[in-house]
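Structure of the sequence below:
(3 chains)
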Amino acid sequence: MKAPASDPGRDAIVQRIRAMVDSIPPGRVATYGQVAREAGLPRRARLVGRTLAELPADSRLPWFRVINARGTISPRGGGERRQRNLLRAEGVEVDARGRVDLRRFGWAPRW
DNA sequence: TATATGACGACGA
DNA sequence: ATCGTCGCCATAT
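Got it, this is the predicted structure:
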């Protein structure tokens, strides 16, 4: 057996990340690092990005509410524009450079 | 086992 | 405030 009882396991970790992302309210955004941290996975920001990248196109998860620590939409081939539209559709202001003011739209866990 | 890569983050110039 | 580097972690080769 590879995984000790104390080891959450890859699937469990993915579940936790999904749950966190799903808890981000409409009109708010969170950073990859923040999601990782709140999910009890400090320093795993990239894992969050990797997990979201695995999501099926028809996933119900609000993946578009997750942006990087600089407040910008992480550039990956082509999907950037769509994410911008989705965010604007729920009231998040995104400037032409794909930037969001985290002080105004950033999500604090206490919400 | 070693190396490269990536939806990231912190720092310094 | 912006850009370049380096650090971190998990996967893929």
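
A:Gln83 contacts A:Pro75, doesn't it?
No. Between A:Gln83 and A:Pro75 there is no contact, the gap being 10.4 Å when judged by Cβ atoms under 8 Å. From N, CA and C alone the C-beta is placed, and that goes for glycine too.

More neighbours: these two, which one.
Neighbours per residue (other Cβ atoms under 10 Å) separate A:Gln83 from A:Pro75, with A:Gln83 holding more: 19 against 10.

Any stretches of chain A with poor pLDDT?
Flagging of chain A using pLDDT under 70 yields the residue ranges A:1-8, A:110-111.

Run the chain-centre distance for the longest helix seen in chain A.
Assignment by DSSP state H gives helix A:10-22 as the longest helix of chain A. Offset of helix A:10-22 from its chain centre (Cα atoms, centre = their mean, to the nearest Å): 11 Å.

just stretch A:101-111 next, same as before
Offset of stretch A:101-111 from its chain centre (Cα atoms, centre = their mean): 13 Å.

Please see if that stretch touches DNA strand C.
No. Stretch A:101-111 stays clear of DNA strand C (Cβ under 7 Å from any atom of the strand), getting no nearer than 9.8 Å.

what does that stretch contact?
A:24-25, A:27-31, A:34, A:38, A:65, A:71, A:92-93 (Cβ atoms under 8 Å, 6 or more residues apart in numbering).

Please apply the same query to stretch A:68-75.
A:31-33, A:45, A:49, A:67, A:80, A:83-84, A:94, A:97-102.

In strands, which of these fall?
Residues of the contacts of stretch A:68-75 located in strands (DSSP state E): A:31, A:67.

Perfect, that will be all.
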